[in-house]
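Engineer: Whatever this is, show me its structure:
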Amino acid sequence: ARKQAEEELRRSHEDLAITLESIADGVIVADLQGRVIRMNPAAERLTGWSTAEATGRSLDEVFRLIITEGTYEPTQSPVPRVARDGLVVGLAKGTVLKARDGIQRSIVESCVALRSGAGELRGMVVVFRDATPEVTEHQSRVELEHIQRQLDSEALIVAHLDRQGRIIHVNEAWSKFARENGADAQTIEGVGLDYLAATGRDPPAVADALAEMVAGRTSTFAYVYPCHSSTESRWFKLAAARIAVDGVVVLSHSNITEHYLAEARWSIQAVVAHALAEGAPLLNICGRVIRTTCELLEWELGATWMLG
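Structural biologist: Reported below is the predicted structural model:
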């Protein structure tokens, strides 16, 4: 009977070891003093400690520098509460584990009492998993929603592109601008439009830069371009940013005509001031002003001289 009991105990330990080895969550077993007794491979990977190195060390040292996202304040260790009361203790939402190698991971964790068959408190078991992908994805979605709300509330023409460069969302300002400028129904609707194909009319540098962003090789891009109507000269700024997790590219077009013309006036004034300082003849000054004006407003210099 004794040998049978010993054999059953041995098998029980083997079954426990197999279970700990195969479970995907990190598991750390500690005694009532909070000293590490055992760890599984997942716990070794997440903490950066091997079982041999961690055994006998304080759980707070191995499962160390647990901090709360945003505040980066150390959280209260679950060890005393579990040892004192035998409770199941979970960490606060947004908890981060800093591993031995300095890598920080968002985790979901609980610490439970380890009891004997007679109900005697023998130690504790910490079970935890890496929740970084979930937290990162959630934060990115919240960030994207915040950006979208902000952009929709401002006078920006906004579109979102998927990984193929097709539009998956436009704001009301996009549809309104397209409608007022005689665009076709598909452009007004926006969704489903191949934006990269539409940039074929733009300078190659613009099309190439957007293609690089959609492919995930760059994260930001900006470009100032003329967008004149039949009644007025206008300049817009295209700003693009890529959301890391979703791969979505957020585009915004803003009318910067007033700012652009103010900069142009300043540049022309600078040309005049510099020419006067040099003592240049009046005709030379006029030529410089005309040349600068044509460059800034993208007029044909020859046509301007003819009009003069």
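Engineer: helix/strand/coil for residue 169?
Structural biologist: strand (DSSP: H, G, I helix; E, B strand; the rest coil).
Engineer: Kindly report the same for residue 205.
Structural biologist: Residue 205 - assigned by three-state DSSP - is helix.
Engineer: where along the stretch 201-308 of the chain do the helices fall?
Structural biologist: 204-214, 257-278, 282-297, 301-307 (DSSP state H, counting those that start in this stretch).
Engineer: which stretches of the stretch 1-150 of the chain form helices?
Structural biologist: Under DSSP H, counting those that start in this stretch, the stretch 1-150 of the chain gives helices at 2-22, 41-47, 51-54, 59-62, 79-85, 132-152.
Engineer: Need the residues that contact the third one.
Structural biologist: Applying Cβ atoms under 8 Å, 6 or more residues apart in numbering, the contact partners of helix 51-54 are 28, 36, 38-39, 44, 47, 62. (Glycine included, C-beta is placed from N, CA and C.)
Engineer: Over to the second one?
Structural biologist: If you take Cβ under 8 Å, 6+ apart as the criterion, helix 41-47 is touched by 21, 23-28, 39, 50-51, 54, 62-64, 97, 99-100, 105, 107, 126, 128-130.
Engineer: worst average pLDDT in the helices of the stretch 201-308 of the chain?
Structural biologist: When these are ranked by mean pLDDT, helix 301-307 comes last with a mean of 42.
Engineer: and the helices of the stretch 1-150 of the chain, which one's lowest on average pLDDT?
Structural biologist: Among those, helix 2-22 carries the lowest mean pLDDT (a mean of 57).
Engineer: Extract the CA atoms of the longest strand anywhere in the chain and return them as PDB.
Structural biologist: For the chain, the longest strand by residue count, based on DSSP state E, is strand 104-115. Extracted C-alpha coordinates of strand 104-115, given in PDB (Å, rounded to 0.1, in the frame of the first residue of the first chain):
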ATOM      1  CA  GLN A 104       8.100  45.800 -20.400                       C
ATOM      2  CA  ARG A 105       4.900  43.800 -21.100                       C
ATOM      3  CA  SER A 106       1.300  44.500 -20.200                       C
ATOM      4  CA  ILE A 107       0.000  41.500 -18.300                       C
ATOM      5  CA  VAL A 108      -3.100  39.900 -17.000                       C
ATOM      6  CA  GLU A 109      -2.400  38.100 -13.700                       C
ATOM      7  CA  SER A 110      -3.900  36.500 -10.600                       C
ATOM      8  CA  CYS A 111      -2.300  35.100  -7.500                       C
ATOM      9  CA  VAL A 112      -4.100  32.200  -5.700                       C
ATOM     10  CA  ALA A 113      -3.400  30.400  -2.500                       C
ATOM     11  CA  LEU A 114      -1.900  26.900  -2.600                       C
ATOM     12  CA  ARG A 115      -3.500  24.600  -0.100                       C
END
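Engineer: In terms of secondary structure, what does that strand contact?
Structural biologist: helix 79-85, strand 89-90, strand 95-98, strand 121-130, helix 132-152 (3 or more Cβ pairs under 8 Å, 6 or more residues apart in numbering; DSSP states H and E).
Engineer: quick one: residue 167 and residue 196 touch, right?
Structural biologist: No. Using Cβ atoms under 8 Å, residue 167 is not in contact with residue 196; the gap is 10.2 Å.
Engineer: List only those of the contacts of helix 41-47 flagged as buried.
Structural biologist: 25-28, 39, 51, 54, 62-64, 97, 99-100, 105, 107, 126, 128-130 (16 or more other Cβ atoms under 10 Å).
Engineer: sorry, back to before: out of the contacts of helix 51-54, which one sits closest to residue 247?
Structural biologist: residue 47 (31.1 Å; Cβ to Cβ).
Engineer: That closest one - how many residues pack around it?
Structural biologist: 25 (other Cβ atoms under 10 Å).
Engineer: distance of it from residue 81?
Structural biologist: Distance, residue 47 to residue 81, by Cβ to Cβ, to the nearest Å: 21 Å.
Engineer: and what of residue 166?
Structural biologist: 53 Å.
Engineer: now do residue 190
Structural biologist: With Cβ to Cβ as the criterion, residue 190 and residue 81 are 55 Å apart.
Engineer: Tell me where the model's unsure across the stretch 51-200 of the chain.
Structural biologist: Applying pLDDT under 70 to the stretch 51-200 of the chain picks out residues 65-79, 83-94, 117, 133-155, 200.
Engineer: Could you rerun that using 90?
Structural biologist: Residue ranges of the stretch 51-200 of the chain with pLDDT under 90: 58-61, 63-160, 162-165, 169-178, 180-183, 186, 188, 195-200.
Engineer: Right, I'll call it a day here.
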